[in-house]
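Q: model this:
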Amino acid sequence: MAKRKSTPQNVPDAVRDAVQRTVQATVGSVDEVVRSAQETRGRAQEAIDELMKALDERRPASHEEVRSLRDEVAALSKRLDAIEKRLPKRPARQTGKRPA
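A: Okay, the predicted model is just below:
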């Protein structure tokens with residue numbers, strides 16, 4: 001009959017070390033996956049931001065935006081009219097005749 005190897009005294013220590021290495025390798029893998037996922041999420045967010053910016057630049061103005069711009073132009077027109085009223089009058093120009 002074949003002889004069985006005797007169980008060494010340090011088997012529990014060897015098992016404990018193997019489990020420890022496995023746990024550390026798993027944690028390292030998880031950290032790497034999390035880091036990779038964060039980078040991917042960041043790139044995806046940048047792509048979405050660029051897409052939203054491009055869409056925003058190409059979309060037509062809303063009714064509210066047009067109304068707001070129209071109000072701003074009207075206010076500027078009133079201000080310009082008030083400024084022009086305060087300016088001194090210019091002398092009338094003579095058309096096409098030169099003094100002899």
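Q: in the protein, which residue is closest to the centre?
A: Nearest to the mean C-alpha position of the chain, counting by CA atoms, centre = their mean, stands residue 49 at 4.3 Å.
Q: regarding it, what is its secondary structure?
A: What DSSP: H, G, I helix; E, B strand; the rest coil gives for residue 49 is helix.
Q: so what's it scoring on pLDDT?
A: You'll see residue 49 listed with a pLDDT of 94.
Q: burial count for residue 61?
A: Residues near residue 61, counting by other CB atoms under 10 Å, number 10. From N, CA and C alone the C-beta is placed, and that goes for glycine too.
Q: and the pLDDT at it?
A: pLDDT at residue 61 comes out at 88.
Q: what's the spacing between it and residue 72?
A: 13 Å (CB to CB, to the nearest Å).
Q: repeat for residue 27
A: As for residue 27, its distance to residue 72 is 59 Å (criterion: CB to CB).
Q: residue 15 sits in which helix or strand?
A: In the assignment (DSSP states H and E), residue 15 maps to helix 11-58.
Q: how far does that helix sit from its chain's centre?
A: In this view, helix 11-58 has its centroid 21 Å away from the chain centroid, taken as CA atoms, centre = their mean, to the nearest Å.
Q: helix or strand right after that helix?
A: In the C-terminal direction, the helix or strand that comes right after helix 11-58 (DSSP H and E) is helix 63-86.
Q: quick one: contacts of stretch 20-36?
A: Outside stretch 20-36, no residue is within contact range by CB atoms under 8 Å, 6 or more residues apart in numbering.
Q: send the alpha carbons of that stretch over as PDB?
A: What follows is stretch 20-36, C-alpha atoms only, in PDB (Å, rounded to 0.1, in the frame of the first residue of the first chain):
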ATOM      1  CA  GLN A  20      -5.400  36.300   2.000                       C
ATOM      2  CA  ARG A  21      -3.700  36.500  -1.400                       C
ATOM      3  CA  THR A  22      -7.000  35.600  -3.100                       C
ATOM      4  CA  VAL A  23      -8.900  38.300  -1.200                       C
ATOM      5  CA  GLN A  24      -6.200  40.900  -2.000                       C
ATOM      6  CA  ALA A  25      -6.200  40.000  -5.700                       C
ATOM      7  CA  THR A  26     -10.000  40.300  -5.700                       C
ATOM      8  CA  VAL A  27      -9.900  43.700  -4.000                       C
ATOM      9  CA  GLY A  28      -7.300  44.800  -6.500                       C
ATOM     10  CA  SER A  29      -9.500  43.700  -9.400                       C
ATOM     11  CA  VAL A  30     -12.500  45.400  -7.900                       C
ATOM     12  CA  ASP A  31     -10.500  48.600  -7.500                       C
ATOM     13  CA  GLU A  32      -9.400  48.400 -11.100                       C
ATOM     14  CA  VAL A  33     -13.000  47.800 -12.300                       C
ATOM     15  CA  VAL A  34     -14.300  50.700 -10.200                       C
ATOM     16  CA  ARG A  35     -11.500  53.000 -11.500                       C
ATOM     17  CA  SER A  36     -12.300  51.900 -15.100                       C
END
